[in-house]
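**Q** Dropping the sequence and predicted coords here.
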Amino acid sequence: MERNMCPVGSRATCNEQCLVVVASASEGFRKRILGQFGDRSWAVEEAMGGAEALSLVEEGDFKVVLLDRWLPDLDVRELVSILKTCHPEVQVLVLESAEEERGLVEKLSLQQELPTQPVEAEGVVECGAGREESKSACGAVMKAAPVDKREEPLPGMMGVSPLMQRAYRLARLVVPRDTTVLVMGETGTGKELIARAIHNLGPRSHQPLVIVNCAAIPEPLLESELFGHTRGAFTGAVQSRLGRIHAAHGGTLFLDEVGELPFTMQSKLLRFLQEGEVQRLGSLDVFRVDVRVISATNCDLTRAVAAGRFNEALYYRLSVFPIELPPLRERKGDILPLAAHFLESFCCEAAVPSKSISDEVAVVLESYAWPGNVRELKHVMERAFILSENGTVLRSEHISLQV
């Protein structure tokens, strides 16, 4: 997304011009607002969501924040509350329709300085500091706000348990940033899905997502896979090759099962995270690489650090923003909805009538511990779908579980 940003110059000039943040997932909304500013002296910065808008306010000297009523990541009520508490000098305007946007800039421009009083624009709610009537008006307008969108399932994921909602919320908060994320959880809980969602929802979505399974690559080949090599660097290196890190330039590098990374490679990965540079095997050239790193593990890295199996400095580099995914046995309310979803998807793929889950099967599914988590549930439902043949109801004889 292109932004109308401050020109590079003196800090004072930037502070004077960077006044307004426009936050909306709708490109049309942002364009309408930007179109009203035109060639005016007020510079405008765009944000695709509430978290990004908050980040901009925290980093700059913005005085006005224009919010779309419907944000993809944060609830408007909470965002307004945060801005009023942490940045009372910032004026926040919540816009609900195109009618409320008309003439907005003209009314703001009537002030020689930034407006400190509520804006007299029909349908626009001012939530600035020091105005009790503004606070009550803001609350009145947002009474009918939607369910907190931050806690809605991420793309490709299901589950509405509180533990999963917390994971969704954390993921959405970190989406607009380049912060290093560590996703923790047992095998089959959906760690890669979280990583994909963070990448696809963020500003790097148009750039590559490169996945490296640290446990699947033999140790002698791992350094070459990550950092690349030149021709003749080792036996069998018949041509030069870029590593996975370099291939992720501009995008996201997902290090799956990072806890299985050999100790000798941990210090080299740490250096890359610290310096942002890669050096191919057999070469003296150093390349700067812009990569966001998301890693995942199913083991307790703090215990690995205590046991001397994992580099402590690397652990702190990787776990700047941890997200923990609960095992399926701790969110039993999600078991049947997930099972029904998988069953329906198999029916659609096979182009057969929908099947249902009997009460006896429901009891079995909910009482099982699911050591393989969501992945195991999907496989069990696939097998049950096949065994049920032309039947329309899954019975207990169709369910095969490990004892």
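**A** Received, thanks. Residues are numbered from 1 along each chain as shown.
**Q** And the average pLDDT for the one helix or strand Arg77 maps to is what?
**A** Assigned by DSSP states H and E, Arg77 belongs to helix 76-86. Averaged over helix 76-86, pLDDT sits at 77.
**Q** How far does that helix sit from its chain's centre?
**A** 21 Å (CA atoms, centre = their mean, to the nearest Å).
**Q** C-terminal to it, what's the next element?
**A** From helix 76-86, the next helix or strand downstream (DSSP H and E) is strand 91-95.
**Q** Which other helices and strands does that next one contact?
**A** With contacts defined as 3 or more CB pairs under 8 Å, 6 or more residues apart in numbering; DSSP states H and E, the packing partners of strand 91-95 are strand 64-68, helix 76-86, strand 125-126. Placement of C-beta: from N, CA and C, glycine included.
**Q** again, only using 6 Å
**A** Applying 3 or more CB pairs under 6 Å, 6 or more residues apart in numbering; DSSP states H and E, one finds that strand 91-95 makes contact with strand 64-68.
**Q** partners of the strand it packs on, with directions?
**A** With DSSP bridges as the test, strand 64-68 is paired with strand 18-23 (parallel), strand 91-95 (parallel).
**Q** Identify whichever of those lies nearest to Ala47.
**A** Judged by CB to CB, the one of the strands paired with strand 64-68 that comes nearest to Ala47 is strand 18-23, at 4.2 Å.
**Q** Show the average pLDDT along the following helix or strand past that closest one.
**A** Downstream of strand 18-23, the first helix or strand assigned by DSSP H and E is helix 27-37. For helix 27-37, mean pLDDT rounds to 78.
**Q** And the next helix or strand after helix 27-37, what does it pack against?
**A** Scanning forward in sequence from helix 27-37 by DSSP H and E, the next helix or strand is strand 43-47. Contact here means 3+ CB pairs under 6 Å, 6+ apart; on that basis strand 43-47 packs against strand 18-23, helix 27-37, helix 50-59.
**Q** Now render these as JSON lines, adding distance to Gln207 and mean neighbour count.
**A** Output for the helices and strands packed on strand 43-47, formatted as JSON lines (distance: least, CB to CB, whole Å; neighbours: other CB atoms under 10 Å):
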{"stretch": "strand 18-23", "distance to Gln207": "23", "mean neighbour count": "24"}
{"stretch": "helix 27-37", "distance to Gln207": "19", "mean neighbour count": "16"}
{"stretch": "helix 50-59", "distance to Gln207": "17", "mean neighbour count": "20"}
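**Q** Can I get these in CSV including distance to Leu193?
**A** Shown next, in CSV, are these (distance: least, CB to CB, whole Å):
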stretch, distance to Leu193
strand 18-23, 26
helix 27-37, 26
helix 50-59, 20
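**Q** Compare those and give me the one nearest Cys348.
**A** Short answer: helix 27-37, nearest of the helices and strands packed on strand 43-47 by CB to CB, at 31.9 Å.
**Q** Now the closest one - C-alpha only, CSV.
**A** What follows is helix 27-37, C-alpha atoms only, in CSV (Å, rounded to 0.1, in the frame of the first residue of the first chain):
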residue,chain,number,x,y,z
GLU,A,27,-9.0,1.4,0.2
GLY,A,28,-12.0,3.3,-1.0
PHE,A,29,-12.5,4.8,2.4
ARG,A,30,-8.8,5.9,2.6
LYS,A,31,-8.9,7.4,-0.9
ARG,A,32,-12.0,9.4,-0.2
ILE,A,33,-10.4,10.9,2.8
LEU,A,34,-7.1,11.5,1.0
GLY,A,35,-8.9,13.1,-1.8
GLN,A,36,-10.4,15.7,0.5
PHE,A,37,-6.9,16.8,1.7
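**Q** So what does Val160 look like in phi/psi?
**A** Dihedral pair for Val160: phi -120, psi 20, per degrees, to the nearest 10.
**Q** what about Val305, how many residues close to it?
**A** When neighbours are defined as other CB atoms under 10 Å, Val305 has 16 of them.
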